[in-house]
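Undergrad: Kindly return the folded structure for what I paste below:
(2 chains)
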Protein chains: 2
Amino acid sequence: MVKLDEKNKEEYTRSVINALKAENIKAFRNLFLELHPTDQVELFVSFDQSQRQRVYECLSPAEFADIFQGLELEQQKEYITELDQTFAIAMFNSMSADDLADFLGELPDIMAETYLNNMGQKDAQDIKNLLAYPDETAGAIMTTEFIALATKDKVSHVLQRLKEQAPDAETIYYLYVVNEQRKLVGVVSLRDLIVARDDQLVEEIMSTRVVSVSVLDDQEEVADVIKKYDFLAVPVISKQGKLVGIVTVDDVMDVVEEEVTEDIGEISAARGAVDLQLSSFDAAKKRAPWILMLAFLGLISAGVIGQFEETLEAVARLAVFIPLIMGSAGNTGTQTLAVVVRSLALGTLDRVGVGKLLKRELGTGVMLGLICSLVLVLTVPVIYDGDLVLGVIVASSLLAALSVATVIGAIIPLIINKLRIDPAVASGPFITTLNDIIALLIYFSIATALLQYL
Amino acid sequence: MVKLDEKNKEEYTRSVINALKAENIKAFRNLFLELHPTDQVELFVSFDQSQRQRVYECLSPAEFADIFQGLELEQQKEYITELDQTFAIAMFNSMSADDLADFLGELPDIMAETYLNNMGQKDAQDIKNLLAYPDETAGAIMTTEFIALATKDKVSHVLQRLKEQAPDAETIYYLYVVNEQRKLVGVVSLRDLIVARDDQLVEEIMSTRVVSVSVLDDQEEVADVIKKYDFLAVPVISKQGKLVGIVTVDDVMDVVEEEVTEDIGEISAARGAVDLQLSSFDAAKKRAPWILMLAFLGLISAGVIGQFEETLEAVARLAVFIPLIMGSAGNTGTQTLAVVVRSLALGTLDRVGVGKLLKRELGTGVMLGLICSLVLVLTVPVIYDGDLVLGVIVASSLLAALSVATVIGAIIPLIINKLRIDPAVASGPFITTLNDIIALLIYFSIATALLQYL
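TA: Next up, the predicted model:
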């Protein structure tokens, strides 16, 4: 396998492309197939259409399946139109069931049907089963290409069987043991198998109670199990306890990335729009609803200030501190949100408990408020030639606003999470805007109360 | 192995604790050691001191090593004081080198020295080598317990050797092939080995060009390689090309979690403070510098508004829209930041290019600005009884401010990343505050220019 690092990448790429241009099939195959599939994909997507056409002619459907599986869904949808149907079907038969189901699930139903009807019946049924599971569940991300053993299998026989089945299975490092009803009864790692004596039976070396997940478990729970136990794979069982698939650690890595993207999208009110591949127009289309919704919330802030127009007309200088008060409350709340989002994702909140979180955050908010107000009660009069009262108003508003901001920053995402509402509503900007409104109310109320001293 | 799910967890836990209380060593060992190490850890940390003392008496140092390795660093530091030195040293000898190095690296140098001097010389040297690598590099997270083969080894001999070495190695699923100078020359997966004929030589079945990382590579690069190629482990080579260790996928999962926590901390200016375990005081201490720094930046906003005090005194109503203008610019910039942070982490930015990113974001900003200004030029006069000019001021400010905000949101983190300055400076709140200042300048400049029409 060739490793493409910065040094040899360009040179190697050039020789592959030259072989392709010269229609030297043998040289191209030698060079190209020597690459790791991941690097094959990287090179393939850099080809233009006529080069791709030659690739389809040079490679077998099974060889091209490795590339196709590594493409993004959008790219798969584009290139599939360049393949003839027989080639495509043959390629599908070589793809792993979970990858194929992911792809077919994105196609219009009629197209997916056509392909499935032309595939081998057993494979087609596997795919249909996978497609039936709801998105983001264990069933949707699992693969059905696992190796199942019987309790009475002999170690030497299992090793012999692995020699034949290894190339097809997604992983051979964990082997799951089932009884006659295909219920999961044990697990044997390849490590156990290697260490065992040839004449031992599977039941003698297997672990009998296996950590498993259910087909309808959320993909995030699957990821948590694999992370917690440092597994390479976890078995998936049906409601009836039958072994129906496995989820491997590399799929879980993708899940983790996906969930993190969602979390960051939520914190920044850019959910579904953090993908760099989108056009300006598509990105604007996805982001505009958030910005507009937040702008309307901003109109509430405007309304709050509008209520105090008289105060403002009396002392225009009060407007000067609006950004400071708003900003500090917003920033403090965002910090708390980050704590909550992260502890929900890592599961630390379950250990620590909500009560302790709220107490911790309120305490932190009060202390942050005290520090900020102390600094500003000293700073403001220096900047605004001895205006002590203004300093007191700004400082006391900050103390109150920051204490509230941490609590808001903690409670909103927790409620949202509890009610299982779309958590995008708990995004950073929403909490910030809410904290803005509260902070402005506090500030102008205090200022109005002390107006006579200003 | 017992799986502890919600149903049987309580009951099982009770029987373990009862056995411990009854000082029924045999029953306790049977029940406790049947658990997965991860669950042993979970149970162990729920014990009180006298229960822990009994655990130390019931388990061998090697058995307790499994638990100790699964503890958090803080817990390790607490419990180590409860162990007598001989037990501790024996336990260290059973721990994997990378976990032990992580722990000893946290102890005061003198304590670490004492332990190391009492350990076997070879193990101690391994640990010292690991401790010498800078934090967050491949060297710091790798383990030295890997299996290395020679090119001329026979498959049957390797399998025989695995039977003996399997229990000690971190993974036996990838076996690395080295020459006489211990230079990495190939890799064989256990899968390749199982499929091979017994009389084949390692050099016949190995892949000759191996993807590897260098000891000083950043841990994030290591994670990227493992994610990209779906590896279970990656070999680490020294500057001289010698194989010195491996990093396994479960360690990489921890790295990913760590990096995400850092990213989220950056977006929310709560770096180093998203840990829920901190006390209010410690959290406030870590968060206060950010909030204070941002408050001082807020004073700049105050200064900007101060410059326009005359305008404000003439039309106090202008203050009403400060939160709306500031909020919209801030939110738009935060969205862009999320896009950039995520594409830096996933490596998509390298593929797409900075120029295209900036063009995309500017385009998105202009479109978002157009949408918002269109909505507000219609809304503001409705709310403020036909004040068309106010509507035009707010709308045109939004158009300009939002276009700038996306560019600022993209450029700042990129510059920071390029200059390799501490990226916390590029956090969401900093960008938001910067965007606030620019947006206010735009708004009041336009308002002052149009003052005669208000």
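
Undergrad: Pop the domain breakdown of chain A in here.
TA: Domains of chain A are assigned by automatic domain parsing as A:6-135, A:148-262, A:280-453.

Undergrad: Report the residue spans of the stretch 1-150 of chain A with pLDDT below the cut-off.
TA: Counting by pLDDT under 70, the stretch 1-150 of chain A shows low-confidence ranges at A:1-7.

Undergrad: Could I get the domains of chain A in TSV, plus columns for distance to chain B and mean neighbour count?
TA: Just so you know, the C-beta spots here come from the backbone N, C-alpha and C atoms, and that holds for glycine as well. As requested, those are exported to TSV (distance: least, Cβ to the nearest Cβ, whole Å; neighbours: other Cβ atoms under 10 Å in any protein chain shown):
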stretch	distance to chain B	mean neighbour count
domain A:6-135	5	16
domain A:148-262	4	18
domain A:280-453	3	21
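
Undergrad: Put together TSV for the ones you listed, with distance to residue B:220 on each row.
TA: Written out in TSV, the entries for the domains of chain A read as follows (distance: least, Cβ to Cβ, whole Å):
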stretch	distance to residue B:220
domain A:6-135	17
domain A:148-262	13
domain A:280-453	18
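
Undergrad: Residue A:209: what secondary structure?
TA: Reducing the assignment at residue A:209 to three states with DSSP: H, G, I helix; E, B strand; the rest coil gives coil.

Undergrad: Would you mind listing where the stretch 351-454 of chain A has pLDDT under the threshold?
TA: The stretch 351-454 of chain A contains residues with pLDDT under 70 at A:420-427.

Undergrad: show me where it has helices.
TA: With DSSP state H, counting those that start in this stretch, the ranges of helices along the stretch 351-454 of chain A come out as A:354-383, A:388-419, A:428-449.

Undergrad: hang on, the earlier thing: between the domains of chain A, which gets nearest to residue B:293?
TA: Nearest to residue B:293, of all the domains of chain A, is domain A:280-453, at 9.8 Å by Cβ to Cβ.

Undergrad: Do you have the helices of the stretch 51-200 of chain A handy? List them.
TA: When secondary structure is read from DSSP H, counting those that start in this stretch, the stretch 51-200 of chain A shows helices at A:61-70, A:73-80, A:85-94, A:97-104, A:109-118, A:121-132, A:138-141, A:155-165, A:190-195.

Undergrad: Quick one: list the elements packing against the fifth one.
TA: The reference is to helix A:109-118. If you count contacts as 3 or more Cβ pairs under 8 Å, 6 or more residues apart in numbering or on different chains; DSSP states H and E, helix A:109-118 packs onto helix A:85-94, helix A:97-104, helix A:121-132.

Undergrad: State the helix or strand in which the spatially most central residue of chain A lies.
TA: For chain A, the residue nearest the mean C-alpha position is residue A:258 (1.6 Å; Cα atoms, centre = their mean). In the assignment (DSSP states H and E), residue A:258 maps to helix A:249-267.

Undergrad: same question for that helix, mean pLDDT?
TA: Taken as a whole, helix A:249-267 has a mean pLDDT of 82.

Undergrad: what residues are up against the residue nearest to residue A:402 when sequence neighbours are not counted?
TA: The spatially closest residue to residue A:402, leaving aside those adjacent along the chain, is residue A:369, at 3.6 Å (Cβ to Cβ, 6 or more residues apart in numbering or on different chains). By Cβ atoms under 8 Å, 6 or more residues apart in numbering or on different chains, the contact list for residue A:369 reads A:398, A:399, A:400, A:401, A:402, A:403.

Undergrad: go again using 6 Å as the cut-off
TA: The contact partners of residue A:369, taken as Cβ atoms under 6 Å, 6 or more residues apart in numbering or on different chains, are A:398, A:399, A:402, A:403.

Undergrad: Make sure the last one is actually in contact with residue A:364.
TA: Think residue A:403. No. Residue A:403 is beyond contact range of residue A:364, at 9.3 Å (criterion: Cβ atoms under 6 Å).

Undergrad: how about low-confidence regions in the stretch 201-350 of chain A?
TA: The model of the stretch 201-350 of chain A has pLDDT under 70 over residues A:271.

Undergrad: all helices of it, in order?
TA: A:202-205, A:219-229, A:249-267, A:280-307, A:309-314, A:322-346, A:348-352.

Undergrad: Let me have the ones you listed in JSON lines, adding distance to residue B:111 as columns.
TA: Listed next are the helices of the stretch 201-350 of chain A as JSON lines, based on distance: least, Cβ to Cβ, whole Å:
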{"stretch": "helix A:202-205", "distance to residue B:111": "41"}
{"stretch": "helix A:219-229", "distance to residue B:111": "30"}
{"stretch": "helix A:249-267", "distance to residue B:111": "36"}
{"stretch": "helix A:280-307", "distance to residue B:111": "52"}
{"stretch": "helix A:309-314", "distance to residue B:111": "62"}
{"stretch": "helix A:322-346", "distance to residue B:111": "29"}
{"stretch": "helix A:348-352", "distance to residue B:111": "28"}
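
Undergrad: Go through these and name the closest to residue B:323.
TA: Going through the helices of the stretch 201-350 of chain A one by one, with Cβ to Cβ as the measure, helix A:280-307 comes closest at 3.6 Å.

Undergrad: now the closest one against helix A:322-346, angle please.
TA: What separates the directions of helix A:280-307 and helix A:322-346 is an angle of 130 degrees, with axes from the mean of the first three to the mean of the last three Cα atoms, to 10 degrees.

Undergrad: Could you report the distance from the residue lying closest to residue A:404 once chain neighbours are set aside to residue B:204?
TA: Taking Cβ to Cβ, 6+ apart as the measure, residue A:404 lies nearest to residue A:438, with 5.6 Å between them; neighbours along the chain are not counted. Taken as Cβ to Cβ, to the nearest Å, the spacing of residue A:438 relative to residue B:204 amounts to 72 Å.

Undergrad: helices or strands up against the helix holding residue A:258?
TA: helix A:219-229, helix B:249-267, helix B:322-346 (3 or more Cβ pairs under 6 Å, 6 or more residues apart in numbering or on different chains; DSSP states H and E).

Undergrad: Taking helix A:249-267 as reference, get the angle to the last one.
TA: For helix B:322-346 against helix A:249-267, the angle between stretch directions is 170 degrees (the same axes, to 10 degrees).

Undergrad: what's helix B:322-346 in contact with?
TA: Defining contact as Cβ under 6 Å, 6+ apart, one finds that helix B:322-346 is touched by A:261, A:264, A:268, A:270, A:274, A:276, A:287, A:291, A:294-295, A:298, A:301-302, A:322, A:429, A:433, A:436, B:263, B:349, B:361, B:368, B:397-398, B:401-402, B:405-406, B:408-410, B:413, B:428, B:431-432, B:435-436, B:439, B:443.

Undergrad: same question, the shortest one
TA: Outside helix A:219-229, the residues that touch it by Cβ under 6 Å, 6+ apart are A:136, A:138, A:141, A:213, A:234, A:247, A:249, A:252, A:255-256, A:259, B:38, B:253.

Undergrad: can you check stretch A:89-109 too?
TA: The contact list for stretch A:89-109 (Cβ under 6 Å, 6+ apart) reads A:61-62, A:64-65, A:69, A:73, A:76, A:112, A:118-119, A:126-127, A:130-131, A:143-145.

Undergrad: got it, and stretch A:118-135?
TA: The contact list for stretch A:118-135, computed with Cβ under 6 Å, 6+ apart, reads A:89, A:92, A:97, A:100, A:101, A:105, A:116, A:139, A:140, A:144.
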